[in-house]
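>>> below are the sequence and a predicted model; questions follow.
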Amino acid sequence: MKPRVLLLRAAGVNCDRELAYAFERAGATVEQRHIRELAARPAAVAECDLFAIPGGFTYGDDLGAGRILAVEVERFLGEVLAEHHARGGSVFGVCNGFQTLVKARLLPDLADVRATLTWNASGRFECRWTRLRVEGGLARLLPEGFVLPAPVAHAEGRLVLADAARDLQRLEAGKRIALRYVDARGRPTTDYPDCPSGSSGGIAGLVSASGRILGLMPHPERNLSAAHTPDGGAGAWGRGGEGITFYRALLSPYRSGAVV
């Protein structure tokens, strides 16, 4: 049986089709449900292996990116998502989905560490390709040091910590950092434009203690072939298709015969 992905839709979601396509290419069956449908029948979450929140600008980001959807997720789906996670299921959010997970307090999943996502240090919307390096928090699924080229498209992608020095150290020690922005030589950086948001510690993604709640700002689903990369897979931005590797890794615990 193929892994089952339940993809959340809401007003302002606009990356749902490309995320669904990426998961399908990676070997999953994908079902899309609107937040109102799930609010009426939250038990539907129990029917999936991985619950995914795609990118977009939910509710126009009027009260802050992902904030209104985060309130809905907490109110209508908080209990069933906790049960889903306890059963061994995964929760995933990309871009606006990551903002939602952080503001719904599902990430960074570390006591006394407070984080949010706010306006990029550049003060503007950033749409450009970046390079991401797999950190210890994601090493159960992908080799640590694996470089994933992926584009960003966000205005509020800067991860800010309440106590930057202390909290960054705790995130590193707790292996909650999933991905970092790196330069062309694979070195972690907070410098623009390699780190387009100015995130604390160059963090591009966070993961829970279990490794099964994951969020990131860039879009691996926009790197599914060499044709997607800026240089057509010539090498400066990888071979192309690293996004398929990424999504296959997310699904790997739920393939036939796998042990979660």
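Cool, got the structure. On a predicted model such as this, the values are computed, not experimentally measured, just so you know.
>>> for Gly240, see how far away the residue in the chain sticking out farthest from the centre is.
Residue farthest from the centre of the chain, counting by C-alpha atoms, centre = their mean, is Ala234 at 26.5 Å. Per C-beta to C-beta, to the nearest Å, Ala234 is found 9 Å from Gly240. Any C-beta I mention is one placed from the backbone N, CA and C, and that applies to glycine too.
>>> likewise Ala155?
In terms of C-beta to C-beta, Ala155 sits 27 Å off from Gly240.
>>> could you do Thr189 as well?
23 Å.
>>> would you mind confirming that Glu156 makes contact with Leu63?
No: counting by C-beta atoms under 8 Å, Leu63 is not a contact partner of Glu156; they are 11.5 Å apart.
>>> so for those two, which sits in the more crowded spot?
The residue with more neighbours, out of Glu156 and Leu63, is Glu156; 21 against 12, by other C-beta atoms under 10 Å.
>>> buried residues, stretch 240-255. List them.
By neighbour count on 16 or more other C-beta atoms under 10 Å, the buried set for stretch 240-255 is 240-244, 246-254.
>>> centre of the chain to it, how far?
Its chain's C-alpha centre and that of stretch 240-255 lie 13 Å apart, by C-alpha atoms, centre = their mean, to the nearest Å.
>>> stretch 47-54 too?
Centroid separation between stretch 47-54 and its chain, computed with C-alpha atoms, centre = their mean, is 12 Å.
>>> and stretch 62-77, end to end?
22 Å (C-alpha to C-alpha, to the nearest Å).
>>> show me the contact partners of that stretch.
Outside stretch 62-77, the residues that touch it by C-beta atoms under 8 Å, 6 or more residues apart in numbering are 8, 10, 35, 38-39, 42, 45, 53, 57-59, 61, 81, 96-105, 117-118, 154-156.
>>> try it again with 6 Å
The contact list for stretch 62-77 (C-beta atoms under 6 Å, 6 or more residues apart in numbering) reads 10, 35, 39, 42, 58-59, 96, 99-100, 103-104, 156.
>>> sort out for me which of those are in helices.
In helices, defined here by DSSP state H, the members of the contacts of stretch 62-77 are 35, 39, 96, 99-100, 103.
>>> and these, which is closest to Val134?
Within the ones in helices among the contacts of stretch 62-77, proximity to Val134 (C-beta to C-beta) peaks at Gln99, which comes in at 21.2 Å.
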